[in-house]
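Asks: Please find the sequence and the predicted model below.
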Amino acid sequence: MAFILVGLAGLAGCVTTTNSPFAREADKQEAIHNYVKLATAYIGQGNFERARHHLDRALQIDPDNAAALSARGLVENANGETELADESFRKAIDSDPGYTRGRVYYGAFLYAQGRMEEARNQFRAASRDTEYKDRGSVFYNLGLTQEKLGEPDKAATSYRRTVELSRGDSRPLLSLSRVLVEEGNYQAASRYYSRLLSVIAHNKGIKHSAESLFTGIRIARHFNDRDQEASLALLLKNEYPESVEYQQYKVLISNGQ
């Protein structure tokens, strides 16, 4: 679920403290914010021991701080302590139901645990926060869980929202195209797939995956576009000869479908 975790920002400065108690609530909140920010940077580096140290400091000041509890859940999960991680995530949400980042973290955790209905509920709640800066990813994650739960129509709706919110992102365009093909809506699938091809053509860092090639092949076959099918099939054979998608394509043509 590497695609589900929010990017972790680095931190250039350091946290300074004194032995005297914090005199004002503002001082406490600033200290907690700095500890969590520093811990988050350590999580991004994979240094979970240092991250735990700073989160402990934050939770000494406020044991119910949602940001610190959510980050601690990430650390515990990385260390294989899934029960403790689950407890930390739930405490964070109970402490502040409006802390959307915590719901995103918990949703990713639940998805990885195979607890799809619970994951869907967390992502659905997170998607209602119109101020959350990475809302497009929330809808994408929601779509993934809905697919796993056998809800392709709802997944398509979530992927559409992702496309609207994350323009230029190839992942939701591919997922939406694929789901629409599975539903037999080839006209809509073709429109979104054309947008995907445009994104790939204009971004050197993005290349076709086996999934994107096979999706395009299925669309081309439906519209009897033999040139497009042949071009994509050749790429699939040359680039991903051992892929599941290439094996599926060979079955497809052998059956004359």
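Replies: Nice, I can see it. From a predicted model like this one, the values you see are computed outputs, not experimental measurements.
Asks: When you work out contacts or count neighbours from here on, use the C-alpha atoms and nothing else.
Replies: Fine.
Asks: name the helices or strands packed onto the strand or helix carrying Lys250?
Replies: Secondary structure from DSSP states H and E places Lys250 in helix 244-254. Applying 3 or more Cα pairs under 8 Å, 6 or more residues apart in numbering; DSSP states H and E, one finds that helix 244-254 contacts helix 210-222.
Asks: going on from the longest helix anywhere in the chain, what's the next piece of helix or strand?
Replies: Taking DSSP state H as the criterion, the chain has its longest helix at helix 25-45. Scanning forward in sequence from helix 25-45 by DSSP H and E, the next helix or strand is helix 48-61.
Asks: For stretch 113-121, buried residues please.
Replies: Using 16 or more other Cα atoms under 10 Å as the test for burial, stretch 113-121 gives Met116, Ala119, Arg120.
Asks: Mean confidence (pLDDT) on the longest helix of the chain, please.
Replies: What helix 25-45 shows for mean pLDDT is 93.
Asks: That helix packs against which elements?
Replies: helix 48-61, helix 66-78.
Asks: the inter-axis angle of the helix or strand that the shortest one is followed by versus helix 66-78?
Replies: Sequence-wise, the next helix or strand beyond helix 66-78 is helix 82-95, with elements assigned using DSSP H and E. Inter-element angle recorded for helix 82-95 and helix 66-78: 170 degrees (by axes from the mean of the first three to the mean of the last three Cα atoms, to 10 degrees).
Asks: Name the SS class of the closest residue to Ala156 other than its chain neighbours, please.
Replies: Closest residue in space to Ala156, ignoring its immediate chain neighbours: Leu176 at 5.7 Å, by Cα to Cα, 6 or more residues apart in numbering. Put simply, Leu176 is helix when judged by DSSP: H, G, I helix; E, B strand; the rest coil.
Asks: contacting residues for Leu176?
Replies: Counting by Cα atoms under 8 Å, 6 or more residues apart in numbering, Leu176 makes contact with Ala156, Tyr159, Arg160, Ala189, Tyr192.
Asks: how about low-confidence regions in this protein?
Replies: 1-23, 256-257 (pLDDT under 70).
Asks: how close does the residue nearest to Ala156 get to Leu234?
Replies: Noted for Leu176: a distance of 24 Å to Leu234, by Cα to Cα, to the nearest Å.
Asks: Give me the neighbour count for Gly184.
Replies: Under the neighbour criterion other Cα atoms under 10 Å, Gly184 is assigned a count of 13.
Asks: Over to His222?
Replies: Neighbour tally, His222, other Cα under 10 Å: 17.
Asks: dump the residue contacts of it.
Replies: Neighbouring residues of His222 by Cα under 8 Å, 6+ apart: Tyr186.
Asks: Identify each buried residue in the one helix or strand Leu236 maps to, please.
Replies: Taking DSSP H and E as the criterion, Leu236 maps to helix 226-239. Across helix 226-239, burial judged by 16+ other Cα under 10 Å covers Glu229, Leu232, Ala233, Leu235, Leu236, Lys237.
Asks: Tell me how far stretch 185-196 lies from the chain's centre.
Replies: For stretch 185-196, the separation from the chain centroid amounts to 23 Å (computed by Cα atoms, centre = their mean, to the nearest Å).
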